[in-house]
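*Asks:* Sequence first, then the predicted structure, then my questions.
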Amino acid sequence: MAKPISIEVWNPSGKYRVVSTKSMPGTRWIRLLTDNDCRLEICTEAKTILSVDDILALIGDRCDAVIGQLTEDWGEVLFSALKRAGGTAFSNMAVGYNNVDVEAANRNGIAVGNTPGVLTETTAELAASLTLAAARRIVEADQFMRAGLYEGWLPHLFVGNLLKGQTVGVIGAGRIGSAYARMMIEGFKMNLIYYDLYQATRLEKFVTAYGQFLKANGEQPVTWKRAATMEDVLREADVISLHPVLDKTTYHLINPERLAIMKKEAVLVNASRGPVIDEVALVEHLKANPMFRVGLDVFEDEPYMKPGLADMKNAVVVPHIASASKWTREGMATLAALNVLGKIKGYPVWGNPNQVEPFLNESATPPPACPSIVNAKQLGPAIFKALGANDVATAY
Ligand SMILES: NC(=O)c1ccc[n+]([C@@H]2O[C@H](COP(=O)([O-])OP(=O)(O)OC[C@H]3O[C@@H](n4cnc5c(N)ncnc54)[C@H](O)[C@@H]3O)[C@@H](O)[C@H]2O)c1
Ligand SMILES: O=C(O)[C@H](O)CO
């Protein structure tokens, strides 16, 4: 028999049973569910990462929907259990959903939600912070001060890289990659080279307009280039930030061969997913190239780092905190709750998952729609009964 799992219950008499595998920031998401006839059960187990068995125990034999986390393995076992329990919806509290087997969700008719948009700027800001910390050796210098080693100003002390006028390379110029690029271009007047499967038209227009503004003010204009290959970005850029989704095409996208073509003094930042970098190869590269620096928010085998990484002075490492601002985390919780609530209520899917602000306005009732369902098309109208409300979602 499955081990009992500790939970906290809200609105015990609610008609729909919704489970959240973790406590999430804020209270609005709780209110939105309980005000809409949901009995909410929040897992209070002390362990950080729940196993599939833990989640099976949480789903039990009747469950309408689950809000889960990116650390959990959502595949056939969990989706079929959720279906057997009468469930129709799952939402990750994350924009990335590489922990979710969407095909398995489709087979079981479960809608899969994610939380785009609300974390774009927050995540880009952390990538920018890692860039600065690595380029200007902030962590090394901080440790030096705290160790009582500072004996006075010296011409060679913690010399790092100037960003102004250098080239920033972005791989994956989607929501976060584009926001990061804009920060580095506007903030530090860097030139842009990017690689993406699609053209980042809005970003290109922004750089062109900003370049014209600088020129009109007697300054060197910034420039942009869409690279034909990822290698072009790696060869040319002084700073490279990785922002693609994690899938088969981006697994170990940074490998020994690609590390070898990067500039010896380049800064590499990763706030996407750990397996985008071959971390063992990265450690070797950091050892061989002390002036090459990295800023990492994510790791190949989280929560672990590959052997040797923690000893590298030329690496700045933080524990997957890129979306960790209060507003963003509360917003992520709200979007995840509204994804599952929308499915329970038979609402349509919101027309533009990049513009989720209407769901985040604390003083207004959210639109009658699911903010972002990644498999809405696959599930089709039979499951996502729009009930004419599609117009509501797009016209809102
Ligand atoms: N560290 C964190 O806390 C954190 C926070 C938010 C998001 N993320 C990660 O960042 C990712 C991006 O988020 P987003 O909202 O910007 O998503 P997005 O879908 O807007 O952008 C991803 C971009 O990657 C591009 N891409 C896909 N395959 C590619 C390839 N092979 N080569 C180059 N580009 C490719 C896509 O075309 C797209 O433009 C998420 O999937 C998630 O994994 C991490
Ligand atoms: O994908 C995501 O949303 C992040 O990794 C956590 O914010």
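*Replies:* Okay, I see it. Ligands and ions are numbered 1, 2, ... in the order given.
*Asks:* I'd like to know how many residues surround D53.
*Replies:* The tally of other residues near D53 (other CB atoms under 10 Å) stands at 12. (Glycine included, C-beta is placed from N, CA and C.)
*Asks:* Which of the three states applies to it?
*Replies:* Classification of D53 by DSSP: H, G, I helix; E, B strand; the rest coil places it in helix.
*Asks:* Quick check: closest non-adjacent residue to the closest residue to ligand 1 within the stretch 151-300 of the chain.
*Replies:* Closest approach of the stretch 151-300 of the chain to ligand 1 (CB to the nearest ligand atom) occurs at G174, with a separation of 1.9 Å. Nearest residue to G174, sequence neighbours excluded (CB to CB, 6 or more residues apart in numbering): H243, at 6.5 Å.
*Asks:* Quick check on the one you found: phi, psi?
*Replies:* phi -140, psi 30 (degrees, to the nearest 10).
*Asks:* Close to ligand 1: what parts of the stretch 251-396 of the chain are there?
*Replies:* When proximity is defined by CB under 6 Å from any ligand atom, the stretch 251-396 of the chain lies next to ligand 1 at A271, S272, R273, D297, V298, H320, A322, S323.
*Asks:* need the contact list for the residue nearest to the last one when sequence neighbours are not counted.
*Replies:* Closest residue in space to S323, ignoring its immediate chain neighbours: L119 at 4.0 Å, by CB to CB, 6+ apart. Counting by CB atoms under 8 Å, 6 or more residues apart in numbering, L119 touches V95, I176, A322, S323, T328, G331, M332.
*Asks:* Now do stretch 345-359: distance from first to last residue.
*Replies:* 16 Å (CA to CA, to the nearest Å).
*Asks:* So R39 belongs to a strand, correct?
*Replies:* Yes: judged by three-state DSSP, R39 forms part of a strand.
*Asks:* what pairs with it across the strands?
*Replies:* R17 (DSSP bridges).
*Asks:* so it sits right up against G14, yeah?
*Replies:* Yes: using CB atoms under 8 Å, R39 makes contact with G14 at a distance of 3.4 Å.
*Asks:* which ones among the contacts of L119 are found in helices?
*Replies:* I176, T328, G331, M332 (DSSP state H).
*Asks:* Which members of these are the farthest-apart pair?
*Replies:* I176 and G331 (14.9 Å; CB to CB).
*Asks:* how near is the residue lying closest to R273 once chain neighbours are set aside to F299?
*Replies:* Spatial nearest neighbour of R273, chain neighbours left out: L246 (3.6 Å); criterion: CB to CB, 6+ apart. L246 sits 12 Å away from F299, going by CB to CB, to the nearest Å.
*Asks:* backbone phi and psi for the residue nearest to S323, please?
*Replies:* Dihedral angles for L119 - degrees, to the nearest 10 - are phi -110, psi 10.
*Asks:* returning to that earlier point: which member of the ones in helices among the contacts of L119 is positioned nearest Q199?
*Replies:* Nearest member of these to Q199, counting by CB to CB, is I176, at 17.0 Å.
*Asks:* Was I right to think the closest one contacts T122?
*Replies:* No: I176 is beyond contact range of T122, at 9.3 Å (criterion: CB under 8 Å).
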